[in-house]
Each structure stands twice: as C-alpha cells, then as structure tokens.
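1. whatever this is, show me its structure:
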Amino acid sequence: MDFQHEIQKMHFKTSILLFIFIYFSSGCTHVPDQLKNAERLMDTHPDSALYILQHMHTAKLINSSSDRALYGLLLFQALDISNKPLQPDSVINLSVSYYQSTNDNPRLAKSYLYKAKIYKRAQRLEEAINLYLKALDLLKNSKDYEPLGKIYSDMGDICALQFDYKESLTKYAKAQEYFILAGDKVNAAYKIIDMGRIYRFLKEYNKSQRYYKLALSQTSDSLLQGEAYQEVGINYYYAHQYDSAMCFLKQSIHFPYKGTNFAIRCYLLADLFFDRAQYDSAFHYATQVLKYPTTFYNQRDVYRILANTEYSRGNLKQMAVYISKYQDYTDSVRKIESQTKLKAIEKINNTTQEANITKRNMVLIVSVLIIILLMSTLLVVYLYKRNKLKIKQLNTFKSQLNSKQEFLSQGIQNKIEDIKALKAEERKNASIDERIKLDKELYNNALHLDNWDDFSREMNHTFNNIVVNLITKYPTITQKEIIWCCLHLLDIPHADRMLLLDASSDSLYKLKQRFAHKLNLKSTKELDLFLTNLIEIKE
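-> Numbers count the residues shown, from 1 in each chain. Alright, predicted model coming up:
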C-alpha cells in the first residue's frame, strides 16, 4: 500500500508540473499548436487537454474552418472523458458540418458519436440511434477501436432502456471486445458490469454476481470499484437480501462516481430505509438524489418515496405536492418508453443502405450501358424497377412507423395497442393456436403477467398502489382476482380477459361475483364505483 501511495504521489506531482507548463506556455502558443498539444495529451492527460481547449483564444479560429472543426471535436472528446456536460451543441454541430463537407470519415464518425451522446442524455433516443448508426457506417473496417467501443456501449444502454435485454447483451459484448482491442482495460471492465446488470434485470442474480466479481478482478480503478459495489448492492436488493444490499450500498457511497451513479446509490438507500420504517434516513437520502445528476426513472421513484414518507408523517399537503411530481415524471418515463426501438431503426438504416447501394450501382451501370445501348436499356429498366420497389417499401415502412408514433400516448392502453399493431402482420398469417400464443406474449410483454412482482409494481405505479391496498384490506383476495381487477381498469376487451385468465365467460362472471362478495358489495354492478374510489388519490 505504501509503494502504491508513493506512485500516486509521483503521478500527482507530474500532473501538476505538466499543468503549470501548459498554463504558462499556452498563452504564447499559436492556436494550431495548441490544438495539436491538446490532441496529443487527450489519451494520457485529458484534464490538461480540456484546460488548453477551454482557455484558448477561440476568436483566432474564425478564419480557419478546419481549426474550428477540430476544436469542437477535441473539446467534446475531453468533456466526455472527464464526465462533464457536452455543451454547447453548436460547437459540435460546426464539426459535423465541416467533416461532412470534407469527407473526413474518421473525424465525422467521432463528431456523430458526441452529437448522439447529447441526444442520448436528453432521452431523444431515436435521434441518438440514427447518429450512432451513421457513425458505425463510417467506421466500417476501421481499427480506431475506442469510438467503436463507445458507440456499442451507448447502444447497449439504449437497448436496456427499451427492455431489449438480449440485444443489449450483444451490444455490450461488442463494446467490451473493442475496448480490449483498444487496450482500455477499465472501460472493458465497465462493460462486464453492464452485462451483469442485464442479467440482474433478467433475475439471474447469481450470474449477475459473477460478472461483478469478474469486473472487480480486472482493475483497481476506484470509480469502477464504486460502481461494482453499487451494482452488487442493487443485485442483493432485488434478490431480497436487504442486509447485504444495505452493506454494499453504504460502502459504494464512499467511492467516487460518474454520471448518475451517486443518485442511484442514494435512491436505493432511501428505499431500503423506507422499507425499514426509518423515515428520516429515507427522506435524507431521497432528497440527496435530487441534488445530483439523475434520470427520470430515479426522480419518479424518489418522489414516490418522498410522498410515502410524508404520508407516514401525516403531512398530507406536502404528500400531494410529491405525488404531483411523481405523476409528472411517470408521464416523462412513458414518453421515453414509447420511442421507437433501436432494432426497428436499425432495420430502416439497413434498408436505406441497400437502397443507396442500389442507386450507386444503377448510376454506374447506366454509364456503361451508354456504349452497349440495347443491353443497358434492359438492365436499367430492371434496376430502376427494383430500386423503385425498395424505395416504396422503405417509404411504406417509414409511413407506418410514423403513423404508429403519432398515435402513441402516455398510457398503458396505447402501449398495448402499439404492440398489437406491430404484431398484426405476424398474427394475420398465424394459426389459431399461434394467435393465442402471440396474444399472451403481447400482454406478458406489456403488463408482465408472467411475473407477479413486476406486474404488481407496474399496477401500483399506475393505479395508486392498488395491489398493496387490495392485499392489505382484503387478504382473502386471490392473485387472479387482482389481475382481473387491473385488466378491467385498463379496459382490456372481455375476450382478451378470458384468454389471459384461462376462463370461460361464465367462470369470469362467477369470478366477478366472488370478488364483489369479498369486497362486501351487494352486486357486481358496484365494482366500477368501488375501483374508481380505490384508485383515486385522496387529499
């Protein structure tokens, strides 16, 4: 430990000397030389590179488009490595425009990457995906592995947000491969953590734990260790091992962090303390979350904790304020989840590439067929028709996608309708048994009917803790009756309810009668009013 401490001290002194040298030399160095210095220092001393770029006399760049473009690209690269906000976006836009005009594919790809990151952080996922795919097209067969690793890493994040866990694992594995090729052991280890997180989403907790241990064995980086402890704690939390979760999350608080990690740690601790009825501690950690960079998901859940905490304290006025905030962020989350999935945009991109390739081939063939007129005419007609068909298919697909997006709303009902629309063609060609299977899969994907914990959590969020209230107030109610209740509130068609509950029309009516009886209602006609009152937020 002493030896390692001495090495760290020497590294710190070296950085200070380098920083002082840069400070005094940057004022008397020409702008192009400063850009070269920043580019040279980027991999080894990104903080120093960022200092140079932020203290440059950018007014001197006005006469050189190439210097302005390189300045923007290097600035965003340094900001990204230093985990700082990527702004202003006008700077990277200039880089994109310049490199588009000069066909500098490697730098244009990196410019697309950082512009995509802006959209990703703003939760404008469709725009981000399109730029990532453009960057990948430009980096085909490239040996510049670091940006490839970053692109696949970010695409893995987006797939995880869209619940496409299989695709997310594929993207993270590719990112790890590229980081290893780039010699970046730390970022490669981060991808192992990300894969472990996906297995946690899939409830494979033991497998997830193995990935976290593997990541810790790869590097001693303190940021990574903090994130690994954080993820181990979260893994224990979802595995219902709350004491272990508390232990690791408390340890993670003392490690440095990047991005939204500190907010995530505080949110989980707040939830754990609330479950233990330690409301002051829960309130403290929940309010900490709002002081640090976080996501709509964490903000939504934090306001849930704050509302429940104030309810436990009897402060109903403040609880109403937090419930209003919770609903606002719930709406924001639904908007994010309604965006087009990455795989659909990839399909559009691939189809567009095919159409573009066909166009280029057609132009080449036309120029050749000027010499051999008869054969060229036949070939051009053939290629023109094929190309026209491809473009028509592409436009049809885009039109369908846009029309679906126009009808997307913030509720679960529209989410189900969107999935039905996407499955319509497959369902049309399916047999009766396959249609039943498809319908069940549709509702499982939308409502998590095959996972009681996820279904309960979603319904509690949507209908004001309806599952918790029913189980608490009426302990004799069955899961099947609760599911019927939620399907009824979601206005699911009667035929679909029969399918999902494996019931005939008569048995479904008897279920309603038993349910009404357990609720001490005179008849099933009173169910609608009862459920409306149950999910209504009281002042």
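2. going along the chain, name the helices of the stretch 201-350 of the chain.
-> 205-218, 222-238, 242-253, 261-275, 279-289, 296-313, 316-337, 342-369 (DSSP state H, counting those that start in this stretch).
3. then the first one to CSV, C-alphas only?
-> To tie it back to what came earlier, the one meant is helix 205-218. Included here for helix 205-218 are C-alpha records, laid out as CSV according to Å, rounded to 0.1, in the frame of the first residue of the first chain:
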residue,chain,number,x,y,z
TYR,A,205,-28.9,-12.9,-9.7
ASN,A,206,-26.1,-15.4,-9.2
LYS,A,207,-24.9,-15.0,-12.7
SER,A,208,-25.0,-11.2,-12.3
GLN,A,209,-22.9,-11.5,-9.1
ARG,A,210,-20.3,-13.5,-11.0
TYR,A,211,-20.0,-10.7,-13.6
TYR,A,212,-19.5,-8.1,-10.9
LYS,A,213,-16.7,-10.1,-9.3
LEU,A,214,-15.1,-10.6,-12.6
ALA,A,215,-15.1,-6.9,-13.3
LEU,A,216,-13.5,-6.2,-9.9
SER,A,217,-10.7,-8.6,-10.7
GLN,A,218,-9.9,-6.7,-13.9
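4. mean confidence for that helix?
-> Over the span of helix 205-218, the pLDDT mean works out to 93.
5. same question for the fourth one.
-> Along helix 261-275, the predicted confidence averages to a pLDDT of 88.
6. what is the burial count for residue 436?
-> Residues contacting residue 436 under the criterion other CB atoms under 10 Å number 12. No exception for glycine: its C-beta is placed from N, CA and C like everyone else's.
7. the helix or strand encompassing residue 118 packs against which elements?
-> In the assignment (DSSP states H and E), residue 118 maps to helix 105-121. Of the remaining helices and strands, those touching helix 105-121 by 3 or more CB pairs under 8 Å, 6 or more residues apart in numbering; DSSP states H and E are helix 65-81, helix 89-102, helix 125-138, helix 145-161.
8. would you turn the ones you listed into CSV with mean neighbour count?
-> Putting the helices and strands packed on helix 105-121 into CSV (neighbours: other CB atoms under 10 Å) gives the following:
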stretch, mean neighbour count
helix 65-81, 22
helix 89-102, 18
helix 125-138, 21
helix 145-161, 22
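9. residue 141: which of the helices of the stretch 201-350 of the chain is closest?
-> Among the helices of the stretch 201-350 of the chain, helix 342-369 comes nearest to residue 141, with 15.0 Å by CB to CB.
10. now the closest one: mean pLDDT?
-> Per-residue confidence for helix 342-369 averages out to 72 on the pLDDT scale.
11. check stretch 118-129 too.
-> Across stretch 118-129, the average pLDDT comes to 89.
12. contact partners of that stretch?
-> 86-87, 89, 92, 116-117, 131, 154-155, 157-158, 161-162, 296, 332, 336, 339-340, 342, 345-346 (CB atoms under 8 Å, 6 or more residues apart in numbering).
13. ends of that stretch, what's the gap?
-> Taking CA to CA, to the nearest Å, stretch 118-129 runs 11 Å from one end to the other.
14. then stretch 516-529?
-> Stretch 516-529 end-to-end distance (CA to CA) = 12 Å.
15. return the set of buried residues in it.
-> In terms of neighbour count (16 or more other CB atoms under 10 Å), stretch 516-529 has its buried residues at 516, 519, 527.
16. tell me the one of these nearest residue 237?
-> Ranked by distance to residue 237 (CB to CB), the buried residues of stretch 516-529 are led by residue 519 at 33.5 Å.
17. contacting residues for the closest one?
-> 474, 527, 530.
18. any idea how far the second one is from residue 232?
-> Taking CB to CB, to the nearest Å as the measure, residue 527 falls 45 Å from residue 232.
19. go on, the last one?
-> Residue 530 sits 44 Å away from residue 232, taking CB to CB as the criterion.
20. distance to residue 456 added to the helices of the stretch 201-350 of the chain, as a markdown table?
-> Shown next, in a markdown table, are the helices of the stretch 201-350 of the chain (distance: least, CB to CB, whole Å):
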| stretch | distance to residue 456 |
| --- | --- |
| helix 205-218 | 19 |
| helix 222-238 | 14 |
| helix 242-253 | 18 |
| helix 261-275 | 15 |
| helix 279-289 | 21 |
| helix 296-313 | 14 |
| helix 316-337 | 16 |
| helix 342-369 | 28 |
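21. which one of those lies closest to residue 450?
-> Ranking those by proximity to residue 450 (CB to CB) places helix 222-238 first, at 16.9 Å.
22. thought residue 91 was touching residue 76?
-> Yes - counting by CB atoms under 8 Å, residue 91 does reach residue 76; the two are 7.1 Å apart.
23. please flag which of the contacts of residue 519 sit within helices.
-> Judged by DSSP state H, helices contain the following of the contacts of residue 519: 527, 530.
24. need the contacts of residue 519 in JSON lines with distance to residue 262, can you?
-> What follows is the contacts of residue 519, written out as JSON lines (distance: CB to CB, whole Å):
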{"residue": "474", "distance to residue 262": "41"}
{"residue": "527", "distance to residue 262": "46"}
{"residue": "530", "distance to residue 262": "44"}
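25. need the contacts of residue 519 in TSV with pLDDT and distance to residue 419, can you?
-> Formatted as TSV, the entries for the contacts of residue 519 read as follows, by pLDDT from 0 to 100; distance: CB to CB, whole Å:
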residue	pLDDT	distance to residue 419
474	91	31
527	88	27
530	89	30
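26. and which of the contacts of residue 519 is nearest residue 431?
-> Checking the contacts of residue 519 against residue 431 with CB to CB, the nearest one is residue 527 at 35.7 Å.
27. the closest one and residue 488 touch, don't they?
-> Yes - with contact defined as CB under 8 Å, residue 527 counts as touching residue 488 (7.5 Å).
28. tell me where the stretch 101-250 of the chain is predicted with low confidence.
-> Counting by pLDDT under 70, the stretch 101-250 of the chain shows no low-confidence range.
29. which phi and psi does residue 182 have?
-> Note on residue 182: backbone dihedrals following degrees, to the nearest 10 are phi -80, psi -10.
30. skip the chain neighbours and tell me the closest residue to it.
-> Of all residues beyond its chain neighbours, the one nearest residue 182 is residue 145 (3.8 Å), with distances taken as CB to CB, 6 or more residues apart in numbering.
31. how close does that neighbour sit to residue 111?
-> The spacing between residue 145 and residue 111, counted by CB to CB, is 18 Å.
32. with residue 412 instead?
-> The span separating residue 412 from residue 111 equals 39 Å under the rule CB to CB.
33. more neighbours: which of those two?
-> Neighbour count, other CB under 10 Å: between residue 412 and residue 111, residue 111 has more, with 29 against 20.
34. so who does the more buried one touch?
-> Under the criterion of CB under 8 Å, 6+ apart, the contact list for residue 111 reads 69, 72-73, 76, 92, 95-96, 99.
35. just the CA trace of whichever helix or strand residue 167 is part of, in PDB.
-> In this structure, residue 167 sits in helix 165-181 according to DSSP H and E. Written as PDB, here are the backbone C-alpha positions of helix 165-181 (Å, rounded to 0.1, in the frame of the first residue of the first chain):
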ATOM      1  CA  TYR A 165     -32.100  -7.300 -23.000                       C
ATOM      2  CA  LYS A 166     -30.800  -9.900 -25.500                       C
ATOM      3  CA  GLU A 167     -29.800  -7.200 -27.900                       C
ATOM      4  CA  SER A 168     -28.300  -5.200 -25.000                       C
ATOM      5  CA  LEU A 169     -26.000  -8.100 -24.000                       C
ATOM      6  CA  THR A 170     -24.900  -8.400 -27.700                       C
ATOM      7  CA  LYS A 171     -24.000  -4.700 -27.900                       C
ATOM      8  CA  TYR A 172     -22.200  -4.700 -24.500                       C
ATOM      9  CA  ALA A 173     -20.200  -7.800 -25.600                       C
ATOM     10  CA  LYS A 174     -19.100  -6.000 -28.800                       C
ATOM     11  CA  ALA A 175     -18.200  -2.900 -26.800                       C
ATOM     12  CA  GLN A 176     -16.100  -4.900 -24.400                       C
ATOM     13  CA  GLU A 177     -14.300  -6.600 -27.400                       C
ATOM     14  CA  TYR A 178     -13.500  -3.200 -28.900                       C
ATOM     15  CA  PHE A 179     -12.200  -1.700 -25.600                       C
ATOM     16  CA  ILE A 180      -9.900  -4.700 -25.200                       C
ATOM     17  CA  LEU A 181      -8.600  -4.200 -28.700                       C
END
